[in-house]
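[1] this one's sequence-less:
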């Protein structure tokens, strides 16, 4: 008798069975909440690993000269930090949140493809295990930057590049399956009456993100496969000596890479659009605009990729095209900030931890967006490109952007997951330490970038010393303050005051109609939808 | 007046980005630079910056006002509006208008940057792991520019100098007020050549050539760095441009040419093992130690050790070959473009005798020079030389002119003892039209033409002559 | 056909990032997905063409 049969039979016997016992619960689970939790824990683990690498980088950069690590290892750290944070921390965290929240928000009993869901998750530990183990190989881990430009990542790469390629393939498979699952769930599993136009914005942004993932992850897989062919099978896609072109790599990579930027920020828009109305006790301003803008931003994000490549020597017409297109497309993204502010305007605000993170997101993401606007000016980009100014820009978008939104989401929905009220004191302490740490770390990077410090260097000229020291101090404040977060979450799981079903006064949406903690199975009978949004 | 304005701005927005000199020393902002382009870039940068500041002030102003006044603890009751299409359209159109306004000067500057026409001087810049090579195409001047900061300074064993990591052994010297075109390419991976004061940053891509240009207006030393991750020592390949007056530039070109000539003469000198070892250590530290490490132990898995390695203690020819020609598909570069024969001889000698390798072998510059003369090159050059110096009498097909000039196809001289062949070309044949070519051709050319004659037109003897053999022939021994 | 032009109008305004609640109701009650996909592709292509024409124009101006 096969496993499937047993499960089916078992299922018939006890309709409301709880989780399995022991480890098998986690290995074999098809429950969206279990899988969501695993994604989130995995992402937290990767966040701490990638963060430790960032601290190695910042420790080395605390002073000019080489103190702690050699340049070769430094490059491995910058590369692995980037890869792990992008593919291991931010993306799985969003998938985890989608797993937990999307079915609950649309009144579905589970994800549409629960077995595939299990598989999407369980690929990840192996992919990242393999990637991390390359650190112990002869020649070391990948050392060519998270953007892995050829030929540094092909002809001149360490042997571990092959493992890196397979790890990327595995992550891609996981992401595509996750995305298909989310699309299938949202399109097919909505409770009766939960029309598309009533879906919360988080669901909308994830639906669009999922399409982006399906569109671009194969491009990433393609580009690493081309690398694999160049390295092992004698092709010359990226080798000029064989008729190839190293710049082709960058075009293909950024065709993936630019939509990837939106993959990492659109779900954050959704989260913030859920949190701000809750704590402003006022409906989201311009919901329709948000939905439409998100869709078109995603669509148009495919035609601006080469603004990452202004210095590769594109023809003038190409430079102008990508400059104009980038500037125009930046606007609809930017003005979404106005919608959040209009939501706050004449609201009745309180400032609990999730709201603090969401507000910090709005402010700091805007700063990152504005420096992005500066980067769009191609002639000025010649001076900014590949300096710490760029590092400051994308860290402002990703750390207080994507990461803060994830923190906000965790604090916002944690009572729903664990059934315990938040420890506001610890949450606020974590917030203020993170907020201060993030700004001390990344704000000075604008200055050292403008003053001329290139990125990805292990050592620097003396005029950059003061700001680097400050940034390193900030990094340690930020890094260590995450331990408060870990402590706070674990504390919340183990104890705390009982949380009500709707634990935030202004919260709206189906997820708040189920008890806290949410039962193992929710909405086995579809809920009744009123004008929910 | 300007100062007062700056103080005012400073007090308003903090010390963010002041264009004034006082703040420039802090290294807070982009340099204004010393070219017309760099000034327009700077002004674009400042304009877009202030636009961003203005947007931020408005947006955050409204946000903080709302956060302060519309809080529940102050008794705020939430309103019910959640849409106003008109307002949304307005606040979208305004940024679009600002950006369109920004696009105009940006496009103008970009178009100017893309016009390298009418350049007076062409400099080819080639990125290597991890140094820059500069070729002055009009002057036949060419040199490498290496980081000159000492390892001790990097490893904190000595005081770091003022230009720590931004100093090189040879500056890229350029005249002021002259349009200079840069042609950028790379030998191995992608590099990027950047000098902030010139507002020139362009990727150097292997197999492709990029263009950029500058007109420097003020003499001075301008420092920059490689800005595209190019491997282990990416942080250690600075760019130093020295702008001088046109007269000084002409003088500098003359000096550097004289230096190059003097260096070429060194090759003829007889070198002792000790001399080679001393020179070799210097070269090793400059050119090899970054990968193979000063102790010759390499970095396991990335860069092989030389200590007791099969190459360094094995066949000398293989060792010379890998240094001269590199190893394709690896980070091992062909040093024939980077080091002189003397330097290569010295460094190979050093590698074969340092760290307990102790082979006792010395490699002479002549051996190196020979290496670059493989059969193909000898034949190619030989054919050229033959056409120039020999074909008039012996005819292009080697048949000669019967009765006047002997043929070379299948004859004793070219098919027989190679010594006799070399001798007749070097010293001529007294009493005949055959001249002594030692005064007309270089040893390399003679070696090439002799090899050519022995292998062309079906002669196929299969042997070849190295320039060093010819060079010593000139002494008249043998 | 009407629904197609309405989809075009919606897509166009989505490029600007603004949409009214009323139009949204209309789109989600009467709109057909295929119309939105088609108008998205058409207008994205149009956007590319327009920007390219602008670039051509700018380059033509620069030649003078």
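    Yep, that arrived. Bear in mind the structure is a predicted one, so any value in this text is a computation, not a measurement. Residues are numbered from 1 along each chain as shown, chains lettered A, B, ... in the order given.

[2] If I look at residue 50, what pLDDT would I see?
    Using chain A. Listed pLDDT for residue A:50 reads 96.

[3] Chain C was what I was after
    Looking at residue C:50, the pLDDT reads 91.

[4] quick one, phi psi at it?
    Dihedral angles phi and psi of residue C:50 (degrees, to the nearest 10) take the values phi -60, psi -50.

[5] likewise residue B:201?
    phi -140, psi 120.

[6] give the contact list for residue B:160.
    A:64-65, A:462, B:149, B:153 (Cβ atoms under 8 Å, 6 or more residues apart in numbering or on different chains). The way it works is simple: take the backbone N, C-alpha and C, and place the C-beta from them, glycine included.

[7] Give me the neighbour count for residue 250.
    All of this is about chain A. 24 (other Cβ atoms under 10 Å in any protein chain shown).

[8] Chain B was what I was after
    The burial count for residue B:250: 13, using other Cβ under 10 Å.

[9] cool, residue A:106 as well?
    If we define neighbours as other Cβ under 10 Å, then residue A:106 has 26 of them.

[10] Can you verify my assumption that it contacts residue A:195?
    No - using Cβ atoms under 8 Å, residue A:106 makes no contact with residue A:195, being 10.3 Å away.

[11] near chain A at all, stretch B:91-107?
    Yes - judged by Cβ under 8 Å from any Cβ of the partner chain, stretch B:91-107 comes into contact with chain A at B:91-92, B:95-96, B:99-100, B:102-103, B:106-107.

[12] So for that stretch, mean pLDDT?
    pLDDT averaged over stretch B:91-107 gives 88.

[13] what do you get for stretch A:403-414?
    Mean predicted confidence for stretch A:403-414 is 95.

[14] and the next element down the chain from the helix or strand hosting residue A:329?
    Secondary structure assigned from DSSP states H and E places residue A:329 in helix A:316-334. For helix A:316-334, the following helix or strand on the C-terminal side (DSSP H and E) is helix A:336-344.

[15] That next one close to chain B?
    Yes - using Cβ under 8 Å from any Cβ, we find that helix A:336-344 touches chain B at A:337-339, A:341-344.

[16] What number of residues are in the vicinity of residue B:144?
    18.

[17] Now do the contacts for it.
    B:128, B:131-134, B:170, B:338.

[18] I'd assumed it was in a strand, is it?
    Yes - secondary structure of residue B:144 (DSSP: H, G, I helix; E, B strand; the rest coil): part of a strand.

[19] Distance-wise, check it relative to chain A.
    Applying Cβ to the nearest Cβ, to the nearest Å, the value for residue B:144 to chain A is 19 Å.

[20] can you pull the pLDDT of residue 17?
    You didn't say which chain, so I picked chain A. At residue A:17, pLDDT is 66.

[21] That was the other one, I meant chain C.
    Looking at residue C:17, its pLDDT is 76.

[22] number of nearby residues for it?
    Residue C:17, neighbours per other Cβ under 10 Å, totals 28.

[23] How about the one 10 residues further on?
    Residues contacting residue C:27 under the criterion other Cβ under 10 Å number 25.

[24] residues from chain C in reach of chain A?
    Going by Cβ under 8 Å from any Cβ, the residues of chain C near chain A are C:10-11, C:13-21, C:23-25, C:28, C:40, C:44, C:47-48, C:51-52, C:54-56, C:58-59.

[25] residues of stretch B:62-74 that come out buried?
    Under the neighbour-count criterion of 16 or more other Cβ atoms under 10 Å in any protein chain shown, stretch B:62-74 has B:63, B:66-67, B:70-72 buried.

[26] The helix or strand in which residue A:176 is found packs against which elements?
    According to DSSP H and E, residue A:176 maps onto helix A:161-188. Packed against helix A:161-188 by the contact rule (3 or more Cβ pairs under 8 Å, 6 or more residues apart in numbering or on different chains; DSSP states H and E) you find helix A:91-106, helix A:114-133, helix A:201-232.

[27] Determine which stretch of these is the most buried.
    The highest mean neighbour count among these, using mean count of other Cβ atoms under 10 Å in any protein chain shown, belongs to helix A:91-106: a mean of 27.

[28] what's the nearest residue to residue A:49 if we skip its chain neighbours?
    Computed as Cβ to Cβ, 6 or more residues apart in numbering or on different chains, the closest residue to residue A:49 that is not its neighbour in sequence is residue A:84, at 6.0 Å.

[29] Where does pLDDT dip in the chain?
    Unless you meant another one, I'm taking chain A. A:1-17, A:530-533 (pLDDT under 70).

[30] Oops, wrong one, chain B.
    For chain B, the ranges with pLDDT under 70 are B:1-26, B:264, B:266-268, B:474-478.

[31] Show the contacting residues for the closest residue to residue B:235 other than its chain neighbours.
    Nearest non-adjacent residue to residue B:235, counting by Cβ to Cβ, 6+ apart: residue A:457, 3.2 Å away. Counting by Cβ under 8 Å, 6+ apart, residue A:457 touches B:225, B:234-235.

[32] So residue A:457 belongs to a helix, correct?
    No - per three-state DSSP, residue A:457 lies outside any helix segment and is coil.

[33] That one and residue A:406, how far apart?
    According to Cβ to Cβ, to the nearest Å, residue A:457 stands 30 Å off from residue A:406.

[34] how many neighbours does the residue lying closest to residue A:55 once chain neighbours are set aside have?
    Sequence neighbours aside, residue A:479 is the residue nearest to residue A:55 in space, at 5.1 Å (criterion: Cβ to Cβ, 6+ apart). Residues lying near residue A:479 (other Cβ under 10 Å) number 18.

[35] Name the nearest residue to the closest residue to chain A within chain B, sequence neighbours excluded.
    For chain B and chain A, the shortest gap (Cβ to the nearest Cβ) falls at residue B:207, measuring 2.0 Å. Excluding its sequence neighbours, the residue lying closest to residue B:207 (Cβ to Cβ, 6+ apart) is residue A:240, at 2.0 Å.

[36] What of residue A:214?
    Closest to residue A:214 by Cβ to Cβ, 6+ apart is residue A:179, at 5.0 Å.
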